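# fold the following.
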Amino acid sequence: PAPVIDAGGITDGIFQLGSMARVIMTHLELTGGVVIHNVTSTSWGGAINNEGYLELNDVDLYLNSAVCEDFSLNCLTYGGAIFNTGDLYIKDSRIYFNQASSGSVIYSASSGTVDIQRTKIFSNTTVQSAVDIQNGATVNIVNTSFTNNISSSGPNIALQVSCCATVSVSSSTFVNPVRGVSIALGAYNPPRPTIAIYSTILNSADGNCDNYQSLWISNGNNITSDNSCSFMTMQGDLLNTDPMVAIIPTFGGYFPDHVPLPGSPAINRNPGNCVWASAPLREDVRRIPRLDGRCDSGAFELNHPTYL
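Residues are numbered from 1 along each chain as shown. The predicted structure is shown next:
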């Protein structure tokens, strides 16, 4: 089992990483970190406040929070698990049961890089957003699933993009069948954010592409359950289509995957191998090979059913 760092509710978070820090964390669990907003505290990031360079590889972040003291009026909190003003790279990780007003998973106020690959983000609680991207960040989200992230007030936004960020979402899955929005545009000043989506499943009850003032780009083979992503007119795009995926724990474990059901349009949606940034995408969210010659849309590849 992975080593566990349990902060036990200590109210100044777990890690504070300064602007000169270069940190790589591997095979680790971080839990119980709390930051409290009051008249004297401005610290954010229940588990990690990163101002430098941070890599997380095979890391679980859960039950961390950014909360308000009872007497704080009109209080907003940021970064239940991670507050980022540096460069952030996450691979093969799981982020769940974290809490904050905005960015219950990640609140990034950096103009640097946010890169998320083969990661499962689920059951986090927020007022507004699970992943919140501010300023001019360059964001890559690949082979990542967003599942049933919860709002304490109104629809939860799985990914909110503000200001002038450049965002690429590839071979990922957004599912919130009860209440939620897949991707939304927050406040911005020109230039507008650019959001490019490829081979991704968007299936949220309250909309999938919210606020059309962003520069939305489809690179094809996307499946969306409503017509809010009307820019999706490239080869393989499907609007108003049930992706027919089931939320099933795989490998006999707890963590959810979005498994295409028989007859799902996601299966073999792409007639060639998965490609991201002009290079083959060799694995799915579980690190199962995708190289069967016909790539499924979304984070899960069904060419190895025995791995269920």
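# packing partners for whichever helix or strand Ala184 is part of?
Taking DSSP states H and E as the definition, Ala184 sits inside strand 181-185. With contacts taken as 3 or more Cβ pairs under 8 Å, 6 or more residues apart in numbering; DSSP states H and E, strand 181-185 sits against strand 157-161, strand 173-176, strand 194-198, strand 201-204, strand 209-210. Using the backbone N, CA and C atoms, a C-beta is placed for each residue, glycine as well.
# each with direction, which strands does the second one pair with?
The strands that strand 173-176 pairs with in its sheet are strand 145-147 (parallel), strand 201-204 (parallel) (by DSSP bridges).
# for the longest one, the distance to its chain's centre please.
Strand 201-204 sits 13 Å away from the centroid of its parent chain (Cα atoms, centre = their mean, to the nearest Å).
# ok, and what's touching that strand?
Applying Cβ atoms under 8 Å, 6 or more residues apart in numbering, the external contacts of strand 201-204 come out as 158, 172-177, 180-183, 208-209, 222-225, 229, 242-243, 245, 258, 266, 297-299.
# that strand - what's its average pLDDT?
Mean per-residue pLDDT for strand 201-204: 96.
# now the strand holding Ala184 and strand 157-161, what's the angle there?
Inter-element angle recorded for strand 181-185 and strand 157-161: 20 degrees (by axes from the mean of the first three to the mean of the last three Cα atoms, to 10 degrees).
# mind putting the helices and strands packed on strand 181-185 in JSON lines, mean neighbour count and distance to Thr119 included?
Output for those, formatted as JSON lines (neighbours: other Cβ atoms under 10 Å; distance: least, Cβ to Cβ, whole Å):
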{"stretch": "strand 157-161", "mean neighbour count": "28", "distance to Thr119": "13"}
{"stretch": "strand 173-176", "mean neighbour count": "28", "distance to Thr119": "12"}
{"stretch": "strand 194-198", "mean neighbour count": "22", "distance to Thr119": "17"}
{"stretch": "strand 201-204", "mean neighbour count": "28", "distance to Thr119": "16"}
{"stretch": "strand 209-210", "mean neighbour count": "22", "distance to Thr119": "22"}
